[in-house]
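In: Quick one: sequence and predicted model below, then my questions.
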Amino acid sequence: MMVESTDEPGEVVPDHIREFAYIDSVRIRALAADLAGGLLSSVHEQETKDGLKIGANALIKAEKTLGASRQSGTTTSRDLDSLYCAAFEEDAVALGFMKDISVEVQDSSIWESGAIGKIAPPFRVIRITAPTFLADHRATIETFSEFAARFAQAGADIFPIEFQKIIQAMGSTLTDAVTVRIEPVSLGLPHHGFFGVLESQYIEHERSAIPIRYGYDPVSWTTIAIVTRYPARESFTADQIVKQMVSMTPQGEQGVDSAQMATLMRLLGKFTAGTGFSEDVVWPGGAITPVAIYRPITKHA
């Protein structure tokens, strides 16, 4: 939303700006280019009687006008990720390629009934503003393990050895990545929401600062993402895993059946996710590919 400046008549300024915690540069540019029908690499700034304007449509068509425009203005090459995001967001909503689901998904029954799959089907782009937690769980566990080990060396075993082994086992199974968990229902229902992994090349440079900047509790962020899947409501026991392993044990020179191996891998994946020993989405939540995560910065009163 734009408001008129009180400094100069006719000057248009934003009522807020954005802080981006994450932008997937490749995906946002690819989505914007797909929507525009051309490659975006710069912004065309056109001076009009209303002042300098950078509209979404002008950005979308920028590549086509480069070097060919006879209008008064300048063309600037720079880091455009945030502008690409704003341009794509505006046009995608207007054209029906993106849906804001922030209000609908606050109801727990939407998730438990499976209606979320109709509100935000797989392979659709969504925008959601909700309590969101950015986490680097492996780094947290490694820090704890180092902390516990140093106390043990000093003769102060403040954590039972069994507890330390469990923590270390969890650390070995967690993904070495920053994850995002969106919890729109309540803090007590973390699985009633979306879960995704952030691409390391876009977050690695500030990875160590995430706990300091964003803390360990969910806070409000707006996320643009592609929905990828909703897992089925199912559970697996260790006995099922053992039976599958026994059934595929080779006899003599007989090899392992590849189909049975594939079944075992699926069971192992679902078992570790369901028991919390790996980071994954579980029923009734959904998996997403995050494209951008941001929040507004407003002016001082």
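Out: Done, it's in. Residues are numbered from 1 along each chain as shown.
In: Regarding Ser145, which helix or strand does it belong to?
Out: Secondary structure from DSSP states H and E places Ser145 in helix 137-153.
In: ditto for Asp239
Out: helix 238-247.
In: Now do the helices in the stretch 1-150 of the chain.
Out: Using DSSP state H, counting those that start in this stretch, the helices found in the stretch 1-150 of the chain span residues 25-36, 56-60, 62-65, 81-95, 108-112, 116-119, 137-153.
In: and the longest one, which residues are buried?
Out: So the one you mean is helix 137-153. 137-139, 141-142, 148 (16 or more other Cβ atoms under 10 Å). Backbone N, C-alpha and C define where each C-beta goes, glycine included.
In: Likewise for the fifth one?
Out: Residues 110-111 are the ones in helix 108-112 that count as buried (16+ other Cβ under 10 Å).
In: average pLDDT for that helix?
Out: Averaged across helix 108-112, pLDDT comes to 95.
In: repeat for the longest one
Out: In this model, helix 137-153 has an average pLDDT of 73.
In: Just the CA trace of it, in CSV.
Out: The C-alpha trace of helix 137-153 is given here as CSV (Å, rounded to 0.1, in the frame of the first residue of the first chain):
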residue,chain,number,x,y,z
HIS,A,137,18.5,-27.8,15.0
ARG,A,138,21.8,-29.6,14.2
ALA,A,139,23.8,-26.6,15.2
THR,A,140,21.8,-26.4,18.4
ILE,A,141,22.5,-30.0,19.3
GLU,A,142,26.2,-29.8,18.4
THR,A,143,26.5,-26.8,20.7
PHE,A,144,24.7,-28.6,23.5
SER,A,145,26.9,-31.7,23.0
GLU,A,146,30.0,-29.6,23.2
PHE,A,147,28.7,-27.9,26.3
ALA,A,148,27.9,-31.3,28.0
ALA,A,149,31.3,-32.7,27.1
ARG,A,150,33.2,-29.8,28.6
PHE,A,151,31.3,-30.1,31.9
ALA,A,152,31.9,-33.9,31.9
GLN,A,153,35.7,-33.3,31.4
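In: Against which helices or strands is it packed?
Out: helix 161-173 (3 or more Cβ pairs under 8 Å, 6 or more residues apart in numbering; DSSP states H and E).
In: Counting by contacts, list what the following helix or strand past the helix it packs on packs against.
Out: Using DSSP H and E, the helix or strand that follows helix 161-173 in sequence is strand 179-182. Applying 3+ Cβ pairs under 8 Å, 6+ apart, we find strand 179-182 packed against strand 125-135, strand 194-197, strand 219-229, strand 286-298.
In: Of those, which is nearest Pro184?
Out: When these are compared by Cβ to Cβ, strand 125-135 sits nearest Pro184, at 3.8 Å.
In: Quickly run through the sheet partners of the closest one, with directions.
Out: Partner strands and pairing direction for strand 125-135 (DSSP bridges) are strand 98-100 (parallel), strand 179-182 (antiparallel), strand 219-229 (antiparallel).
In: what is the orientation angle of the longest one with helix 81-95?
Out: Computed with axes from the mean of the first three to the mean of the last three Cα atoms, to 10 degrees, the direction of strand 219-229 lies at 60 degrees from that of helix 81-95.
In: so what's Phe88 up against?
Out: If you count contacts by Cβ atoms under 8 Å, 6 or more residues apart in numbering, Phe88 has them with 28, 31-32, 35, 56.
In: circling back: turn the helices and strands packed on strand 179-182 into JSON lines, including mean neighbour count.
Out: Below are the helices and strands packed on strand 179-182 laid out as JSON lines (neighbours: other Cβ atoms under 10 Å):
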{"stretch": "strand 125-135", "mean neighbour count": "21"}
{"stretch": "strand 194-197", "mean neighbour count": "22"}
{"stretch": "strand 219-229", "mean neighbour count": "19"}
{"stretch": "strand 286-298", "mean neighbour count": "20"}
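In: Out of the ones you listed, which is closest to Arg213?
Out: strand 125-135 (8.7 Å).
In: ok, back up a step: for the contacts of Phe88, which one is nearest Met261?
Out: Nearest to Met261 among the contacts of Phe88, with distances taken as Cβ to Cβ, is Leu31, at 36.7 Å.
In: Tell me the pLDDT of that closest one.
Out: pLDDT at Leu31 comes out at 91.
In: So it is in contact with Met98, correct?
Out: No: look at Leu31 against Met98 with Cβ atoms under 8 Å: they stay out of range, at 9.4 Å.
In: what's near enough to touch Tyr216?
Out: Neighbours of Tyr216 in contact, by Cβ under 8 Å, 6+ apart: 133, 135.
In: If anything else comes up later, I'll come back, but that's it for now.
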